[in-house]
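K.L.:
Build me a structure from this.
(one chain, ligands or ions: 1)
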Amino acid sequence: MIDLPSFEALFREIFTNNKLDRYITENHIAKFHTLACELERVNAEMNLTAIRDPAEVIAKHFADSVLCADAIPEGARIIDVGCGGGFPTLPLGIARDDLAITGLDSTAKKLGFVQSTADLLGLRVKTLNMRAEAAGQDVKYREKFDCAVARAVARLNILLELCLPLVKVGGHFVALKAAAGREELAEAKDAIHTLGGKLIDSRDISLICGDEVQGRQLFIIEKVRPCDKKHPRNYAQISKKPL
Ligand code: SAM
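P.N.:
This is a model prediction of the structure:
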């Protein structure tokens, strides 16, 4: 386990380099340290993440997840589609205690870690073990969220059909993408339109981890019209014939 002073030094350096200074408070540092320790402890029993080096965990999981924080409105009810081991759900819940976050995933195993760690940290996080396309057709979840976020789940044209049906009209879908996101965006123009979305912002971001600089893209899509009832389709149709 990395001790708190060593973690704090790394965390301050990485969050400062990534212009995330507003998330460097004693409270944030203590919670991110607990999250790092829990990840390491549980990762020994269950494969939550292949990233194990503390500096990489802070940059590639924590900072990377928090890069989208200022794109989410105050007090929003959000859904993280395909949250896996809790990214961006857990770092976002630590950084923004005004948000109510639902971490959705079709795999139950990792959600146990997400819920118990969120409870340990006192975060406003609930988990939902469901397929996104089933949630999008369920009246309890369809068009109920102010914002959907997703990282590393599917190509954008597929992801849009999983996420936009869950967002209220007037709400947003914030897609966290790697450097190749621009190509995905070009391919997703029809999906955005068909699902009642409108691209309102796209941001090029550099994620800095020591000497390494990785490109990231953030796409912010507003839901301007309700989705047609036929969306989302079942996953076989979505993936075989993306919009
Ligand atoms: N977002 C996390 C991250 O960035 O570390 C996890 C990424 S992991 C590569 C993709 C996750 O999406 C998996 O946990 C998988 O179970 C989930 N997933 C993929 N398609 C899904 C769907 N249709 N509904 C719900 N979860 C889905």
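K.L.:
how much space between the residue most central in space within the chain and residue 19?
P.N.:
Compute the mean C-alpha point of the chain, and by C-alpha atoms, centre = their mean the closest residue is residue 88, 3.5 Å away. Going from residue 88 to residue 19 by C-beta to C-beta, to the nearest Å gives 17 Å. C-beta coordinates here come from the backbone N, C-alpha and C atoms, glycine included.
K.L.:
what about the strands in this structure?
P.N.:
Using DSSP state E, the strands assigned to the chain run over residues 77-81, 100-105, 125-129, 145-151, 167-178, 197-209, 212-223.
K.L.:
Now render those strands as a markdown table, adding mean pLDDT.
P.N.:
As requested, the strands of the chain are exported to a markdown table (pLDDT from 0 to 100):
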| stretch | mean pLDDT |
| --- | --- |
| strand 77-81 | 98 |
| strand 100-105 | 98 |
| strand 125-129 | 98 |
| strand 145-151 | 98 |
| strand 167-178 | 97 |
| strand 197-209 | 96 |
| strand 212-223 | 97 |
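K.L.:
so which of those strands comes closest to the ligand?
P.N.:
Shortest distance between the ligand and these, using C-beta to the nearest ligand atom, is found for strand 145-151: 3.8 Å.
K.L.:
show me what contacts the closest residue to residue 201 other than its chain neighbours?
P.N.:
The shortest distance from residue 201 to any residue that is not its chain neighbour, by C-beta to C-beta, 6 or more residues apart in numbering, is 4.1 Å, and that residue is residue 220. Contacts of residue 220 were listed using C-beta atoms under 8 Å, 6 or more residues apart in numbering, and they are 71, 172-174, 199-203.
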